[in-house]
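S.K.: Starting from these lines, generate the structure:
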Amino acid sequence: MNDLIPEFDFARVFIAPWADGAQTFIWIALMGFFVAAACGLVGNYLILRRMALVGDAISHSVLPGIAIAFLLANSRSTPVMFLGALVAGILTTVIIEVIHKKSRVKQDAAIGIAFSTLFAIGVILISLYADKVDLDAECVLYGEIAFVPLAPHVQMFGLPLGPEPVVRMGFVAALTLLLIILFYKELLVSSFDPGLAASLGINAGVMHYALMSMLSVVVVSAFESVGAILVIAMLILPGATASLLSQRLPVVLLLSGVHGALSSLLGIHLSIWLECSMAAAMVVMGAALFVLAWVFSPGAGLLATWLSRRSKPVRLEAAPQPAYGR
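M.R.: The predicted model follows:
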């Protein structure tokens, strides 16, 4: 058993990272928080719209968009990457809507068709043009947040801001929060009742595609740290956990940020203990927080439900008599 699980050393796992390597781990923690916060904010609206799988679809289908953008522009610049991912994300949404509305195929099947096909196209493009596309497939799929502190640092007005991926992800997270604050009413109404949104003059279709566009930007920003496969967990776990603790959307959005911060910090310590991928460890800790909320939530937790059933009086009713002769 000791060969499978390393021995736990509290000082090495919890104290040494911040005592000896704080300048490295602070950027990893910030990157993890920004990714989880941005994904969690957008993911809450995906959950409200019952479109959680769309996040999975876009997180996989932006791969061909990035590959094609690299082939056409021959550049790895951030604007090119964002543009390719944005086009692919919107295209994925359109394909899903067309298949669902123009055929008898259900929405979940349409999502599966769209994302698996587009993801496969992306893999083929990278395989065929690997010498022309300066893109690491494993980085896109799995990500490696531990390399973030090694990236070039960004300066503004002569002041160092931090590694480029952290600054970029922080900007995306702040932009996501700002857009949600500015269009809170429109997103809320169109998510719960598109008919009411239309009566109030809110274009539910525009809000839908705007949300999908923002989702695409968040997903491609998170590639460098968590990859396409793990980003779906960041999109769902914070919102799913927060929804077990509150039914008020502002509180749920706030708790999603708290979930992201805890997942990031605890994931770092778990990865140090087990010597495993930090991005995967953050997702595992996020899932552990979900399980804790599921069990101990005061309103919807398993424990509260069990205690409520135990406190109810048991009613004894006479057994029904057999209806002979019918």
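
S.K.: list the contacts for the nearest residue to residue 276 once chain neighbours are set aside?
M.R.: Nearest in space to residue 276, with sequence neighbours left out and distances taken as C-beta to C-beta, 6 or more residues apart in numbering, is residue 270 at 7.7 Å. All C-beta atoms are positioned from the backbone trio N, CA, C, and that covers glycine. Residues in contact with residue 270, defined by C-beta atoms under 8 Å, 6 or more residues apart in numbering, are 276, 281, 284-285.

S.K.: Among those residues, name the buried ones.
M.R.: 281, 284-285 (16 or more other C-beta atoms under 10 Å).

S.K.: Tell me how far the closest residue to residue 196 other than its chain neighbours lies from residue 27.
M.R.: Leaving aside its sequence neighbours, residue 196 sits nearest to residue 189 (C-beta to C-beta, 6+ apart; 5.8 Å). From residue 189 across to residue 27, the span is 39 Å (C-beta to C-beta, to the nearest Å).

S.K.: low-confidence ranges in the stretch 201-326 of the chain?
M.R.: Within the stretch 201-326 of the chain, the ranges that satisfy pLDDT under 70 run 224-225, 228-229, 312-326.

S.K.: First-to-last residue distance for stretch 145-165?
M.R.: With C-alpha to C-alpha, to the nearest Å as the measure, the first residue of stretch 145-165 is 10 Å from its last.

S.K.: got the buried residues for that stretch?
M.R.: Neighbour-count burial for stretch 145-165 [16+ other C-beta under 10 Å]: 145-146, 148-149, 151, 162-163, 165.

S.K.: Spatially central residue in the chain, please.
M.R.: Nearest residue to the geometric centre of the chain (C-alpha atoms, centre = their mean): residue 235, 2.0 Å.

S.K.: After the strand or helix carrying that residue, heading C-terminal, what element do we hit next?
M.R.: Element membership for residue 235, per DSSP states H and E: helix 204-245. Once the chain leaves helix 204-245, the next helix or strand it forms, by DSSP H and E, is helix 249-274.

S.K.: Only the buried residues of that following helix, if you could.
M.R.: So for helix 249-274, counting by 16+ other C-beta under 10 Å, buried means 249, 252-253, 255-274.

S.K.: got the residue ranges for the helices in the chain?
M.R.: Under the criterion DSSP state H, the chain contains helices at 10, 16-20, 22-48, 52-73, 78-102, 107-128, 137-142, 164-182, 184-192, 194-199, 204-245, 249-274, 278-296, 302-311.

S.K.: Next, format those helices as CSV and append distance to residue 158.
M.R.: Formatted as CSV, the helices of the chain follow (distance: least, C-beta to C-beta, whole Å):
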stretch, distance to residue 158
helix 10, 41
helix 16-20, 28
helix 22-48, 20
helix 52-73, 31
helix 78-102, 22
helix 107-128, 39
helix 137-142, 32
helix 164-182, 15
helix 184-192, 37
helix 194-199, 47
helix 204-245, 26
helix 249-274, 29
helix 278-296, 31
helix 302-311, 55
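
S.K.: now for those, which one comes closest to residue 156?
M.R.: helix 164-182 (8.7 Å; C-beta to C-beta).

S.K.: What lies in contact with that closest one?
M.R.: By C-beta under 8 Å, 6+ apart, helix 164-182 touches 27, 30-31, 34-35, 37-38, 41-42, 78, 148, 151-154, 161-162, 187, 214, 217-218, 221-222, 224-225, 253.

S.K.: Just the mean pLDDT for that helix, thanks.
M.R.: What helix 164-182 shows for mean pLDDT is 91.

S.K.: now it, how far from the centre of its chain.
M.R.: 14 Å (C-alpha atoms, centre = their mean, to the nearest Å).

S.K.: repeat for stretch 274-287
M.R.: For stretch 274-287, the distance to the chain centre is 14 Å (C-alpha atoms, centre = their mean).

S.K.: In a markdown table, list the buried ones among the contacts of residue 270 along with distance to residue 113.
M.R.: As requested, these are exported to a markdown table (distance: C-beta to C-beta, whole Å):
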| residue | distance to residue 113 |
| --- | --- |
| 281 | 33 |
| 284 | 30 |
| 285 | 33 |
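
S.K.: now, which of those sits nearest residue 54?
M.R.: Nearest to residue 54 among those, with distances taken as C-beta to C-beta, is residue 284, at 23.9 Å.

S.K.: pretty sure the closest one contacts residue 267?
M.R.: Yes - assessed by C-beta atoms under 8 Å, residue 284 is found in contact with residue 267 at 7.0 Å.

S.K.: And the residue lying closest to residue 257 once chain neighbours are set aside, how far from residue 102?
M.R.: Of all residues not flanking residue 257 in the chain, residue 37 sits nearest, at 5.0 Å (C-beta to C-beta, 6+ apart). Counting by C-beta to C-beta, the gap from residue 37 to residue 102 is 37 Å.

S.K.: repeat for residue 270
M.R.: 46 Å.

S.K.: And residue 118, by the same measure?
M.R.: 18 Å.

S.K.: So which of these two has more stuff around it?
M.R.: Neighbour count, other C-beta atoms under 10 Å: between residue 118 and residue 102, residue 118 has more, with 22 against 9.
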